[in-house]
Structures are given as C-alpha cells and as structure tokens.
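Undergrad: Can you look at this prediction? I've put the sequence above it.
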Amino acid sequence: MQIRVERDALVDAIGWVSRTLPARPTNPVLRNVLFSIDTSNVKPLVITTFDGDSLSDIHIAADIDTPGSVLISGQLLQAVVRMLPNAPVVMNIDDNGVKVTCGRAEFQLPVANASTFPQLPDMPAACGSVPGATLAGAVGQVAVAAGKSLARADLLGIHVEFRGNHIRLVATDRHRLSLREVGWSANTTLDDIQVLVPARAFNDIARALASAESVDLYFDADPKNRRYIGFEANDRRTITQLMGEKFNEYEHIIPQASTTTVRFDSADLMEAAKRVNTIAASRTTMINNMRLDFTESTITLSASGENSSAREVIDCVVSGEGVEYIVFNADYLIDGVNVVNAPITALSMTDSRRIAMLQGAAGMDADVVDNFKHLIAPSRL
C-alpha cells in the first residue's frame, strides 16, 4: 500500500492523535498508531490511537493506491514526523515495514498487523453541539477545581448536567468548587442527564477543539448504554470513557446570599497576590495562607514565613456589612481570580469562616456574570 499525503496535514494529524497514545500501556499493541482507509470519505486516510479508555482519530486527504490498514510504531512515528522537511510525504507499506520518504529524507519504520489492535468503541448517538471556544472556556474555568488525588476518584471528574437548552459543568476538590453554565444546541429534549467526565481528558479535548466553530457532542441518553462521551469537529473525533463514580450533591454548598461583597480589579489583585505569595509559598509547612484585610476602600494582602513577611495594598469597593478579614490558600485565591476571567472580580462573603464566592463583572457598578461561580473555603489562621 502506498500513501501520499501533505507534510503539514500529517504533522497536524499525528499531533491530534498523540493525545491518546499511551506511554506505558497495559497492552503493548496500543503503542502503535492505526492507519486505515475509509473510501466513502473525501478525506480517506484515517489515523487512530487508543489508550484503552480514550480514542482519537482524524480524517485527512491522501492519495492511496490500495485500501488497507496497518499499525506503525507511535513513538518512532512521532519523532520522525516532527523532523520531516517541507515536502510531500510518501509512505510505502509492506509486510517488512513502512518506508517514509519526504524530499531527500528516508526512514524505515516497523509495522504490525492491524488485526492485533483491540476493538474500538463506537461513537455514541449525536446529541447536540456547542461552539468550540465556549466549550474550552467553560471546561477551563471548571477544571481548575477538580481533585488531583487518586484517593478520591469521584473528585477527579467534571460533573456535566444536560438541562434542556443549557449545560452545567461542576468540579470540586472539597476545598473549592467551580460551576459554569453554557448554552448549547440540543438535537433532542434532554433533561436531567448527568455524566462524570475525567477532568484532565475533558480539558485537553476542549482546548484542542477551541478553534472549531462548532463541536458536536455524542452520548447515549439511555443510562444502561452510557459508557462513553464523544466529541467531533473539523474531521477530528475523540471518544473517552465516562467515570462510574457518583458525584456528590453540591447545590447546598453554594451560598444563596451574602452580607458583604468586595469588588476589585482582577489584574491588580493577581499581581499583588503573586508577589505576596513568594513569602507564603516559601513556608516549610504545606500551608501557604494569605490573609486579606478589608477597609471601605482597600484590601491588604499579607503573608508570613520563617523570619519573613510580605504585604501589599490594592483598591476595592466594599458593599454590605463589613467583614474585617478572610484567609485563603494563596494558590486557590490566585487560581480563582484567574478563572473568573473578567476585568472586575466580586468576592462575596458572610464571615471569615464560611465559604466565599468569586464572580466576574465588566465594571465596578456592573452586574456580576451569573453563569460562573467559583467557591473557596477559607483557611484558618
């Protein structure tokens, strides 16, 4: 079998599928990239990887003399493709291997029989679509709050609720919680469908498809058959296995009211917090707390270490009953303001011991953007 393909198209394709090319697979055959032919598609070359839980594939244009399929060593192929000169690529494949020719460069790579590759999961049913930039922004805002410890598998995912014409995404590590709602175009009426998607994979997928005008979503409405969720855009597809754990109830955690709201310039606080955090992060203990003291017009950020301290003052606007101070994990505060992603951040509190909430606003007097909430549990002194 001979395949002729443009160099940039091949580089882009290998970059896409490398996301699900495992470094240490339980089944050694998964180290390979599957090349197959779909003669019904105007872009007939299909390149696929599978790590046992997630699949990625892409269709690209190519001239092919004989339909067939083959497995090519993924690690070697990645290394070779990155170094190819700017010229068309010709791949001559037989039982002895694949000869890759690009300009004056030639490479001989090993191949394996495609029949040894495991059966791939089918794409679930099409359910709707959402703009790529919207999906990437929402997942990025929520993923920061997902857990990192393998000891709590249920916290490693992003909880996704399909509620009619909008989707709600929620993640928490028990110290913070992020909630974002986005609109989407549903193909059918979907109410009260909930899935748990691995946060790292979901964030990676959403970032990779951020430039797509529209991302199609696939999953089975019947919970008995609901094992995978799929995404497709721009000839790229990915399917990832859903998590089986149950996401804990969370709505009772979200504050329904607050007594104090402090508004500040997001960039000012981020810069000040990063400077003060040089001291907070230098502590030999695992606790890198940052204290925020409030007056009617200022916030004083402070932290102390071993024989060291830092403080900085920024302007703010306070409304409601005065909370004198609150203490946060410094990294959680910086992450939270960052994902608010708005010129102004509104910090809502009841007192220094209860959960606080961050939301964004376009200006000091503008309404908060209600489709995103980031909750942080305060630390103790």
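TA: Thanks, I have it. Numbers count the residues shown, from 1 in each chain.

Undergrad: how about Pro67, what does it touch?
TA: Going by C-beta atoms under 8 Å, 6 or more residues apart in numbering, Pro67 touches Met1, Ile37, Thr39. Just so you know, the C-beta spots here come from the backbone N, C-alpha and C atoms, and that holds for glycine as well.

Undergrad: So which of these is the closest to Ile47?
TA: Taking C-beta to C-beta as the measure, Ile47 lies nearest Ile37 of the contacts of Pro67, at 10.8 Å.

Undergrad: I'd guessed that closest one sits against Asp65; true?
TA: No - assessed by C-beta atoms under 8 Å, Ile37 is found out of contact with Asp65, at 10.4 Å.

Undergrad: I'd like to know how many residues surround the nearest residue to Ser36 once chain neighbours are set aside.
TA: The shortest distance from Ser36 to any non-neighbouring residue, by C-beta to C-beta, 6 or more residues apart in numbering, is to Ser69 (4.0 Å). Residues lying near Ser69 (other C-beta atoms under 10 Å) number 16.

Undergrad: And Leu347, by the same measure?
TA: Burial of Leu347 is recorded as 28 neighbouring residues (other C-beta under 10 Å).

Undergrad: measure the closest residue to it other than its chain neighbours to Asn288 for me?
TA: Once flanking residues are discounted, Leu347 sits nearest to Val262: 4.6 Å by C-beta to C-beta, 6+ apart. Distance, Val262 to Asn288, using C-beta to C-beta, to the nearest Å: 21 Å.

Undergrad: between those two, which one's more packed in?
TA: Each of Val262 and Asn288 has its neighbours counted (other C-beta under 10 Å); Val262 has more, 22 against 19.

Undergrad: The helix or strand encompassing the more buried one - contacts with which helices or strands?
TA: Per DSSP states H and E, Val262 falls inside strand 260-265. Judged by 3 or more C-beta pairs under 8 Å, 6 or more residues apart in numbering; DSSP states H and E, strand 260-265 is in contact with strand 308-315, strand 317-320, strand 344-349.

Undergrad: Among the ones you listed, which comes closest to Ala199?
TA: Using C-beta to C-beta, these put strand 344-349 closest to Ala199, at 23.2 Å.

Undergrad: Now that closest one: buried residues?
TA: For strand 344-349, burial by neighbour count (16 or more other C-beta atoms under 10 Å) applies to Ile344, Thr345, Ala346, Leu347, Ser348, Met349.

Undergrad: Including pLDDT and distance to Gly137, could those go into JSON lines?
TA: Below are the buried residues of strand 344-349 laid out as JSON lines (pLDDT from 0 to 100; distance: C-beta to C-beta, whole Å):
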{"residue": "Ile344", "pLDDT": "98", "distance to Gly137": "18"}
{"residue": "Thr345", "pLDDT": "98", "distance to Gly137": "16"}
{"residue": "Ala346", "pLDDT": "97", "distance to Gly137": "19"}
{"residue": "Leu347", "pLDDT": "97", "distance to Gly137": "21"}
{"residue": "Ser348", "pLDDT": "96", "distance to Gly137": "22"}
{"residue": "Met349", "pLDDT": "96", "distance to Gly137": "26"}
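
Undergrad: which one of those is nearest Asn329?
TA: Leu347 (14.6 Å).

Undergrad: related to what we said a few turns ago, who wins for proximity to Gln75 among the helices and strands packed on strand 260-265?
TA: With C-beta to C-beta as the measure, strand 344-349 is the member of the helices and strands packed on strand 260-265 nearest Gln75 (44.1 Å).

Undergrad: Check which helices and strands the helix or strand that the closest one is followed by is in contact with.
TA: Downstream of strand 344-349, the first helix or strand assigned by DSSP H and E is strand 356-361. On a contact count with 3+ C-beta pairs under 8 Å, 6+ apart, strand 356-361 meets helix 330-340, strand 344-349, strand 372-376.
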